[in-house]
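Asks: here you go, sequence then predicted model.
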Amino acid sequence: MNTKDTRAALRLDVLGLFLAGLINTFLAALDAGVIFGPGTAARQSDLLLRAAWIAEHSLRWRGGWLFWFAVTLSFSWSYYALGRHLSAGRSWRNLAIGLALIAAAVDLIGVLVNLTVLPELAHALTVTLAGPDPVLVVIFQSMEGLAYALTNIAAFGLYSFAGLLLLPAVFATASYPRWLAWLGAAEWGIAIVASGLLVLAPALATGPLLLSFALYAPWVWGSAWWVWRAKPVNQVSA
């Protein structure tokens with residue numbers, strides 16, 4: 001790869017890391033909290049009221065989940081954008097990138113369920129809101145639970161484990177700042193704890209989740225700075 005192409009690749013990786021921090025820490029929270037949040041169990045405990053809100057705001061709901069494609073793709077891209085610049089631990093970084101891609105696939109399945117299946121079920125439920133069909137209620141609850149399990153538990157857990165797998169390559173790369181490596185260790189260690197709590201004790205997961213989200217942007221932006229400032233343009237690894 002010539003110098004011009006290498007510089008272009010560097011700019012793309014830095015941009016990808018910057019966007020990953022912006023989208024996943026700030027815009028994703030806005031999307032989940034404001035755009036489609038009122039239709040989720042975290043904001044509304046009554047299933048029929050959730051279904052009614054989704055049916056009434058189906059365009060807003062679909063738009064919010066459509067944006068989640070950007071969340072998923074930017075997050076998974078960040079593993080490659082950083083990992084390919086790490087000069088050591090190639091097997092670990094490749095495993096981390098591969099696992100992140102699997103996590104993205106799982107995440108997107110959950111997004112598609114939220115985007116296409118739940119609005120249709122919600123509309124069907126609102127037609128019979130005075131006396132909802134028990135079968136439709138069970139189906140809606142099952143699809144809602146499936147989407148949550150795919151995006152919030154399985155995909156997040158796989159992403160977190162992929163982050164841990166990236167750490168050996170991070171620590172083995174001499175030019176990568178130690179403080180930034182330890183920040184990454186804290187980020188992914190807390191994310192793993194949050195992943196376990198989401199399965200075993202969901203009520204206790206909020207604190208670790210918020211801390212994990214708060215650490216992600218500083219870590220990934222610090223990594224973007226390192227890629228741009230510390231990596232010679234003629235030493236980018238494939």
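Replies: Structure received.
Asks: low-confidence regions, the protein specifically.
Replies: 1-5, 89, 129-130, 231-238 (pLDDT under 70).
Asks: which parts of the chain are helices?
Replies: 3-22, 28-30, 47-56, 58-83, 90-112, 118-127, 134-148, 156-172, 178-200, 206-230 (DSSP state H).
Asks: can you list the ones you listed in JSON lines and add distance to Gly37 and mean neighbour count?
Replies: (Each C-beta comes from the backbone N, C-alpha and C, glycine too.) Converted to JSON lines, those look like this (distance: least, C-beta to C-beta, whole Å; neighbours: other C-beta atoms under 10 Å):
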{"stretch": "helix 3-22", "distance to Gly37": "19", "mean neighbour count": "17"}
{"stretch": "helix 28-30", "distance to Gly37": "9", "mean neighbour count": "15"}
{"stretch": "helix 47-56", "distance to Gly37": "10", "mean neighbour count": "20"}
{"stretch": "helix 58-83", "distance to Gly37": "8", "mean neighbour count": "20"}
{"stretch": "helix 90-112", "distance to Gly37": "15", "mean neighbour count": "19"}
{"stretch": "helix 118-127", "distance to Gly37": "14", "mean neighbour count": "18"}
{"stretch": "helix 134-148", "distance to Gly37": "13", "mean neighbour count": "15"}
{"stretch": "helix 156-172", "distance to Gly37": "17", "mean neighbour count": "22"}
{"stretch": "helix 178-200", "distance to Gly37": "18", "mean neighbour count": "18"}
{"stretch": "helix 206-230", "distance to Gly37": "14", "mean neighbour count": "18"}
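Asks: and Phe36, which of the ones you listed is closest to it?
Replies: helix 58-83 (3.4 Å; C-beta to C-beta).
Asks: picking up where we left off before, Throw the helices of the chain into JSON lines and include distance to Ala41, thanks.
Replies: Below are those laid out as JSON lines (distance: least, C-beta to C-beta, whole Å):
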{"stretch": "helix 3-22", "distance to Ala41": "27"}
{"stretch": "helix 28-30", "distance to Ala41": "17"}
{"stretch": "helix 47-56", "distance to Ala41": "7"}
{"stretch": "helix 58-83", "distance to Ala41": "14"}
{"stretch": "helix 90-112", "distance to Ala41": "14"}
{"stretch": "helix 118-127", "distance to Ala41": "12"}
{"stretch": "helix 134-148", "distance to Ala41": "7"}
{"stretch": "helix 156-172", "distance to Ala41": "16"}
{"stretch": "helix 178-200", "distance to Ala41": "13"}
{"stretch": "helix 206-230", "distance to Ala41": "14"}
